[in-house]
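> Sharing a model prediction with you, sequence too.
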Amino acid sequence: MLILGLETSCDETAAAVVEDGVAVHANVVATQHDLHERYAGVVPEIASRAHLERLLPVVHDALKRAGVRVHDLDAVAVGNRPGLVGSLIVGVSAAKALAWSLDKPLIGVDHVRAHLHAAFLEDTPRGGASVARGAPADAAAAAFSDHGSRTTDHVPALGLVVSGGHTSLYRMRSDGGAVRLGRTIDDAVGEAYDKAGVLLNAGYPGGPNIDKLAQTGDPDGPDIPKLPVSMLGTDSLDFSFSGLKTALLYAVRGHPEGRGKSATFPRTVDDLTDARRADLAAAFQYAAVEAVIRKLRRALRQDESVTSLIVGGGVSANSQLRRRLACFAERHGLSLHLPALRYCVDNAAMIAGYAAVTLAADGPDDLTLPVVATSKA
């Protein structure tokens, strides 16, 4: 099963060719960081127009790198939910046109669920052996469906998606299903990192820049406040990062004087030394990662039958989070499945890979496939 995947849910224009759900023959991503950097965040209209300009060249590049022609494809997959509606329309429209013209199956893929498949992708040259891997290939089938080789050694599992738009926790079942246990009630952890990047003048995107800055800082440095680790209700598995952002704002600028539009802050980030900026970045990162780990610990207490932890999303590239997840998994006797760094960010390989699972479970979609701003429950 050779599938072309398209991904345009936010600000990455991507295409990939994946065989049998795990073997990645080509994965091409065109980022838009240069277009959105001046705004310190993604501008939907700019993102949509950039997808229009970049999608066709990206598809051609992916097919060329994979060494295949469009007529060699068995199906066309596209992330149709969740995401920015304008961006999604570009990818879904292109996928529909291509599937129709080739008379091939069309497969709509939930972007968030696909992130959980990223840990099982392999870089495999067309007709060659695997040269790099994020996790065992047969584990992909075990986690999601009967597709390919099957083993149940690591299910049921906890699934964690941490990205710019989503922070969600799932219970992965041995029958291939997934039940969402919790999600962010306000801001996703990746969005909080982007805001922290702005507040600390670390640059955009905030995730990798805050991670780098934090490595030179001390969260327990002189006069560094303890930033909040939100837990919500006693048994809640939902996430909240808006309070952490506000606490960092006050730590950087001080408490506002006045109210509304007339409010002013006693200082700016320019008044801080580089050392204090690094300490605050470290304090922010500790609080953000700690919130994730505590929710995983709580989820595990509620279901001790879990044997594995599967993680995906852009923030899964964070160095401290990866270390903490490894320690957590080892302490609780869980097998840990993390994506290779290149598959942490939004990419089309995870779309094409998870499409094989979706096709096996639910069959193809028709040309009425909608774009949906939200993920499945």
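Ah, there it is. Numbers count the residues shown, from 1 in each chain.
> in the stretch 151-300 of the chain, which spans are strands?
157-162, 167-172, 178-183 (DSSP state E, counting those that start in this stretch).
> would you list those strands in a markdown table and tack on mean pLDDT?
Output for the strands of the stretch 151-300 of the chain, formatted as a markdown table (pLDDT from 0 to 100):
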| stretch | mean pLDDT |
| --- | --- |
| strand 157-162 | 96 |
| strand 167-172 | 94 |
| strand 178-183 | 93 |
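> Could you point out which of those sits nearest Val306?
strand 157-162 (5.3 Å; CB to CB). Any C-beta I mention is one placed from the backbone N, CA and C, and that applies to glycine too.
> Pick out the residue closest to the middle of this protein.
Gly313 (2.0 Å; CA atoms, centre = their mean).
> According to the record, where do the domains of this structure fall?
2-134+342-362, 157-337 (automatic domain parsing).
> per-stretch mean pLDDT over those domains, give me the minimum one.
Mean pLDDT per stretch puts domain 2-134+342-362 lowest among the domains of the chain, at a mean of 91.
> Quick one: end-to-end distance for it.
18 Å (CA to CA, to the nearest Å).
> doesn't Phe328 fall inside a helix?
Yes: counting by DSSP: H, G, I helix; E, B strand; the rest coil, Phe328 is part of a helix.
> OK, contacts around it?
Ile293, Leu296, Arg297, Leu309, Leu334 (CB atoms under 8 Å, 6 or more residues apart in numbering).
> who wins for neighbours among the residues you listed?
Leu309 (25 neighbours; other CB atoms under 10 Å).
> Could you identify which of the strands of the stretch 151-300 of the chain is most buried?
Comparing the strands of the stretch 151-300 of the chain by mean neighbour count (mean count of other CB atoms under 10 Å), strand 157-162 ranks first with a mean of 26.
> export it as CSV, just CAs?
Provided in CSV are the C-alpha atoms of strand 157-162 (Å, rounded to 0.1, in the frame of the first residue of the first chain):
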residue,chain,number,x,y,z
ALA,A,157,-1.1,2.5,26.2
LEU,A,158,-1.3,6.1,27.2
GLY,A,159,-1.1,8.4,24.2
LEU,A,160,0.1,12.0,24.7
VAL,A,161,0.0,14.7,22.0
VAL,A,162,1.9,17.9,22.8
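> ok, and what's touching that strand?
112, 115-116, 143, 167-172, 178, 188-190, 292, 296, 299-300, 306-316, 321, 334, 337.
> ok so, going back, of the domains of the chain, which stretch is the most buried?
For the domains of the chain, the largest average neighbour count (mean count of other CB under 10 Å) is found in domain 2-134+342-362, namely a mean of 22.
> what's the spacing between that domain and its chain's center?
Offset of domain 2-134+342-362 from its chain centre (CA atoms, centre = their mean, to the nearest Å): 14 Å.
> Would you tell me what the next helix or strand after the helix ranked longest in the chain is?
When the chain is parsed with DSSP state H, its longest helix is helix 274-302. Counting by DSSP states H and E, the next helix or strand C-terminal to helix 274-302 is strand 308-312.
> before we move on, back to that, with distance to Leu369 as added columns, please give the domains of the chain in TSV.
TSV is the format used below for the domains of the chain (distance: least, CB to CB, whole Å):
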stretch	distance to Leu369
domain 2-134+342-362	5
domain 157-337	21
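> Could you point out which of the ones you listed sits nearest Thr374?
Across the domains of the chain, closest to Thr374 is domain 2-134+342-362 (CB to CB), at 4.9 Å.
> which residue of the chain sits farthest from its center?
Gly258 (38.5 Å).
> Any figure for the gap between that residue and Pro266?
Gly258 is 11 Å from Pro266, where distance means CB to CB, to the nearest Å.
> hang on, the earlier thing: check contacts around the residue nearest to the centre of the chain.
By CB under 8 Å, 6+ apart, the neighbours of Gly313 are His115, Leu160, Val161, Val162, Ser163, His166, Gly190, Cys344.
> Next: Val29.
Glu12, Thr13, Ala14, Val58, Val345, Asp346, Asn347, Ala348.
> Look up the residues forming beta bridges with it.
Listed beta-bridge partners, Val29: Ala14 (assigned using DSSP bridges).
> if I look at it, how far off is Ala15?
In terms of CB to CB, Val29 sits 9 Å off from Ala15.
> hey, what's in contact with both of those two?
Val58, Ala348.
> re the thing from before, I'd like to know which of the contacts of Val29 are part of helices.
Val58.
> of the contacts of Val29, closest to Arg126?
Looking across the contacts of Val29 and measuring by CB to CB, the closest to Arg126 is Ala348, at 16.4 Å.
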